[in-house]
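Undergrad: got a structure for you, letters missing:
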């Protein structure tokens, strides 16, 4: 610990410590982005110490303010704050920046570093997560808050009452996902959402003048946001006033535009793109420290009074939480049922009733599209699980995602559980992540499978952060029909299967759709993509065939031959029933066929080898995969001597049944392929 | 042919014919979106007949105005116009709407129906294509137009001087890609870009009041667009005045907000979401026709005078083209070199000089990152191919995409070939498509491989439309290092391989990078994704090893053992050199190893079976794939008895070499895996 040169006030010393720690850590790692932390240090410091309602000693306390660093490349800003305010990071962690297994990876990682509310780095995602968090806050507030009728309890029964702060840079502002999310946030009037926009006018390629000259504040006004400008991003009081004004606004979200300087204090690199993504260099760091009034030769300098001052805020945080705890105790007394529901939602524990209430479709009179079954199942589940909340990107009638038992989530009705995401798939993905990260909710979202591409970066982050989002992807193959190739997924199913830690399930019928939802709801740390048909599919008679609960194993034998099969047909979704038909014809032709229904590769891959070998015995080499999607990847299951009936090209516009037929998804073609495959092995 | 009831003027009859054809075709197909064509008919009719510079008899004439229907679900609007104005569609084609092999698929498909400028349907893409077309127009104009010094040639030598019109709906406006593209268009001052925004306030889920209440015009003003409102979208003169004003604006792109009514004229469905995506029903169609003043019982009614009137405009188009041809002849005389360059660019023919000028890296002194080699190659190619134009989504210094021999494409310097896309990956993708569709340019665009996800929908459309875009995806594996899992691609390489008709190439060294660029440039109807390393890779000595031209075959034997190999190592990109190292060690251990370098699955898959069997002899079962990406899909090449060294989880933040090592990408691990695999087969 060192002393600072005389003359700097404590606040300024703290701000400079954030800057010097950032510079030093990045220099030591020889990798990182020093510019943004240095420019944003004053705003971040003011926010964290004067406004942020949080308790470093209880970092997951429910009613804390959320803080999202959307420009995750400024990670050292966050790590400096976490270290200084006592979230458990040590100076050694800071010195270990960007090293294997360190607590301080290149970009902030949720679940890896205490106090990090979300994983950021891919631009625009953090902003959108923040919108999701603010949605969760308003929803829970509307559900749980109660008017205060106890005069001594000045806080009232506002047990959910926190702000969501998000720091963004120019890069975030350029990304389309941010536009989508900001438009929705403005529509919803999420006034407890406050964005601090780091208007440093520098991007990696140079000044933003070369590509980004729009009027960001005016754009946000068009979205129905309050906008505030801080002309001097180094003026702590000006920053304070702006945040104050943002908090006081109760009708609109707020954008605080901070005019900052990238790499503030660096005599040769301030306001240049050079400072964006590379260490400043040892000489420049010395010069900068001298300019800032710090000791030029000190590395990782944290003056004792700085640490004392920053750690001192922990008590403030503890006091706030204690007050909240007292309020919650009173609330619990007065509203025991609500308090119990609160506990259940916050811990994600549901009673068993919801499972029993799921439809089993055993008395269905005819074929059912799995998207329709999904709608029925979702509604049944939602009636018993109050945390299920979501919607669709303007396709609710097609995706069957509307909860009939609930109202819309709108500005005047935040307790509604039907979110109208609009034609904003990417924002939907990021918002679902934010809602889930907030805790208390189990969000779902729907669109056509082909448009999963629009939200893929957000899906990847859900998987990376182990958030149990449920995606309802309907219209799952060329059977979409008339809408044609732009609306017909081909590669999407398997390209989703490629995302690590995402479970993809394509149920074969209505009953299995219920089992798929059950699995998805029970998954606590994995997102699930449900892949559902537009067209009606026969409901498999489960009194004759194995239970749909077998879905949990990823794949199972649906129909088998007597004795060793000559051929195994492996199918998913809408191709299961035609494979069963094909198996029957094969039987008539004297070939014993087994039908393996494989709704989920991921679940099957997790089964013990013995089970896998039972379903797909290594000795039976004639295996035909049947799926109305790209063949690539099926080789894993069909093996060297198998065959794949899939689609390697884009689809075509025509009635769905015509398209399926013309692409070879007929029992006859399966039979023919099977006979050839068996034949070639004899 | 029929006569209309008396009383309607010809223009109104034409407008109504668009409406009735749309209703009838959708009813017959029992599928489609009647609402938007009916609401937009007046604006589309005015635009096509009073303003659009085009020649139905010469639909690809270079200086035609471009027309993009971004809301591709309104395809019947476009088909009606193409039929009425004489683009070759017949009434039977209209009656065959959305049927197998028809000229009138569900959404407009480029290359399938004459007069369709781009494939639309996925929202926001068409708008963004239009921005790309307008960029291409300004670039070519700045390159080729010459001041007029011939007093009799009133048109001047503006051989490139056309507008790009795009029709958008609320869905387009909600999509983030539209925001990104609009921001860039405003920055670039693309005044010849004119957007007609169908403000019908209805989306699939209902009124836009439920999710989309922003002030779109104000937002576009923030982007630096002129905005004009047409209060009555049925008033042909008001529409005319607005388009006139938009054309006159020479500083900014224009947004014309048309207040329209979905399903105009339908007594029970106008202004309702019901009319969005389903036929109106026979009864409602009759009522609507009566309301519009048409004959209620006539189907596919096209009054003779309507057809005559609309087909009559063809002569106007022919005259305009003829005038242009005369101008171009004069231009050719005066500027023969430019005219020759024009012809070369428009036909995509380059002389051979560019190939000879590509660097071969044979005298390189040390290892070179393939991204750096790519930058060198691109610059060498661009010096000889004037149509190469592009940039990066704010990562030019990292992607090495900057053309040193050219200036920036900016408002005052449209001849520059360095486009600053900003942090707008998705818009970049859509703009590249539009530039390519315009003809005359070979666009490229770069970002980190991990962010290919942000632009995936646009990549898919490039492939669907057979546009030879070149994608420069650098930082191609966990070797990215310190930036951590959010920046480390794992599943991206293979998920790109899944897109039909996209060629993915991951070169092993600098020399092969040149070969990859050569292949990409020579591809005339396939987009190519170049997958390039951040880290330096050894340059393979091509005087010892096979020529990098072998890349054309997708895979080739790089080093071989004497006699039959015991094991085949199949590697790509940065894993090729460590596989060569491993092969050497294996040799020392008495195991004969072949190294197959497989830069492109797609190219290899196209080779004759005999070649494939030569490279991967079926008898040699011990095959190890080595790639720092997801293993899934490699089974196709490794077979039942092979092994895959890949990464099935997200990466980690640490120096790249540490990450690679910890994930098993070492010669030793390859050797160990190979020995095990060989052993298990003996």
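TA: Nice, thanks for sending it over. If you're wondering where the values come from, they're calculated on a predicted model, not measured in any experiment.

Undergrad: give me the number of residues near whatever residue of the stretch 151-300 of chain A ends up closest to chain B?
TA: Ranked by Cβ to the nearest Cβ, the top residue of the stretch 151-300 of chain A for proximity to chain B is residue A:176, at 2.2 Å. All C-beta spots, glycine's among them, are computed from the backbone N, C-alpha and C. Here the number of neighbours of residue A:176 (other Cβ atoms under 10 Å in any protein chain shown) works out to 29.

Undergrad: pLDDT wise, what is it at?
TA: Residue A:176 is assigned a pLDDT of 98 by the prediction.

Undergrad: what sits against it?
TA: A:124, A:426, B:124, B:175, B:176, B:177, B:178, B:179, B:180, B:424, B:426, B:427 (Cβ atoms under 8 Å, 6 or more residues apart in numbering or on different chains).

Undergrad: Which residue comes closest to the third one once chain neighbours are left out?
TA: If you skip the residues right next to it in sequence, residue B:124 has residue B:175 as its closest partner in space, 3.2 Å away by Cβ to Cβ, 6 or more residues apart in numbering or on different chains.

Undergrad: which one of the contacts of residue A:176 sits closest to residue B:106?
TA: Distance to residue B:106 across these (Cβ to Cβ) is lowest for residue B:124, with 18.1 Å.

Undergrad: burial of the residue in the stretch 451-600 of chain A positioned nearest to chain B, as a residue count?
TA: Here the residue of the stretch 451-600 of chain A nearest chain B is residue A:486; by Cβ to the nearest Cβ that distance is 3.3 Å. Using other Cβ under 10 Å, residue A:486 is surrounded by 27 other residues.

Undergrad: List the residues that contact it.
TA: Contact analysis of residue A:486 by Cβ under 8 Å, 6+ apart lists A:450, B:72, B:107, B:109, B:119, B:120, B:121, B:122, B:461, B:464.

Undergrad: surely the last one meets residue A:649?
TA: Looking back up the chat, that one is residue B:464. No. Judged on Cβ atoms under 8 Å, residue B:464 makes no contact with residue A:649 at a distance of 9.7 Å.

Undergrad: any residues in contact with both of the two?
TA: Jointly contacting residue B:464 and residue A:649 under the rule Cβ under 8 Å, 6+ apart are B:500, B:501.

Undergrad: Stretch A:270-290 - what's its average pLDDT?
TA: Here the average pLDDT along stretch A:270-290 is 95.

Undergrad: Also stretch A:559-566?
TA: Taken as a whole, stretch A:559-566 has an average pLDDT of 93.

Undergrad: Now that stretch: buried residues?
TA: For stretch A:559-566, a neighbour-count test (16 or more other Cβ atoms under 10 Å in any protein chain shown) marks A:559, A:560, A:561, A:565, A:566 as buried.

Undergrad: Residues in contact with that stretch: which ones?
TA: A:545, A:580, A:583, A:586-587, A:591-595, A:617, A:619-620, A:622, A:678.

Undergrad: Just the buried ones from the residues you listed, in ChimeraX syntax?
TA: To isolate the buried members of those in ChimeraX, using 16+ other Cβ under 10 Å:
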select /A:545,580,583,586,591,592,593,594,595,620,622,678
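
Undergrad: on that earlier part again, and residue B:464 and residue A:649? Which one has more around it.
TA: Shown here are residue B:464 and residue A:649; by other Cβ under 10 Å, residue B:464 has more neighbours (26 against 13).

Undergrad: Distance check, that one against chain A.
TA: The gap separating residue B:464 from chain A is 5 Å, by Cβ to the nearest Cβ, to the nearest Å.

Undergrad: so who does the closest residue to that residue other than its chain neighbours touch?
TA: Counting by Cβ to Cβ, 6+ apart, residue A:650 is the residue found nearest to residue B:464 once chain neighbours are left out, at 5.3 Å. Contacts for residue A:650 were tallied using Cβ under 8 Å, 6+ apart; they are A:485, A:488, A:490, B:463, B:464, B:500, B:501.

Undergrad: Now name the helix or strand holding the fourth one.
TA: Secondary-structure assignment from DSSP states H and E places residue B:463 in helix B:456-464.

Undergrad: Contacts for that helix next, please.
TA: For helix B:456-464, the surrounding residues in contact (Cβ under 8 Å, 6+ apart) are A:451, A:453-454, A:456, A:485-486, A:650, B:119, B:122, B:125, B:128, B:177, B:426, B:428-430, B:432-433, B:436, B:452, B:469, B:471, B:496, B:499-502, B:526-527, B:529.

Undergrad: Give me the subset of those lying in helices.
TA: Among the contacts of helix B:456-464, the ones falling in helices (DSSP state H) are A:456, B:125, B:128, B:177, B:426, B:428, B:429, B:430, B:432, B:433, B:436, B:496.

Undergrad: Moving C-terminal from the helix or strand hosting residue A:316, which element do we reach first?
TA: Following DSSP H and E, one finds residue A:316 within helix A:304-334. Heading C-terminal from helix A:304-334, the first helix or strand you meet, by DSSP H and E, is helix A:336-347.

Undergrad: helices or strands next to that next one in the packing?
TA: helix A:125-144, helix A:304-334 (3 or more Cβ pairs under 8 Å, 6 or more residues apart in numbering or on different chains; DSSP states H and E).

Undergrad: could you give the mean pLDDT of the first one?
TA: Per-residue pLDDT over helix A:125-144 has a mean of 98.

Undergrad: Against residue B:129, how distant is the residue nearest to residue B:124?
TA: Distance, residue B:175 to residue B:129, by Cβ to Cβ, to the nearest Å: 13 Å.

Undergrad: what residue is smack in the middle of chain A?
TA: Nearest residue to the geometric centre of chain A (Cα atoms, centre = their mean): residue A:433, 2.8 Å.

Undergrad: who's in contact with that one?
TA: Contact analysis of residue A:433 by Cβ under 8 Å, 6+ apart lists A:118, A:125, A:128, A:129, A:132, A:458, A:461, A:462, A:465, A:467, A:469.

Undergrad: let's see 6 Å
TA: Residues in contact with residue A:433 (Cβ atoms under 6 Å, 6 or more residues apart in numbering or on different chains) are A:129, A:461, A:462, A:467.

Undergrad: Dump the residues you listed into a markdown table; add neighbour count and distance to residue B:446 as well.
TA: What follows is the contacts of residue A:433, written out as a markdown table (neighbours: other Cβ atoms under 10 Å in any protein chain shown; distance: Cβ to Cβ, whole Å):
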| residue | neighbour count | distance to residue B:446 |
| --- | --- | --- |
| A:129 | 34 | 27 |
| A:461 | 27 | 22 |
| A:462 | 29 | 27 |
| A:467 | 24 | 30 |
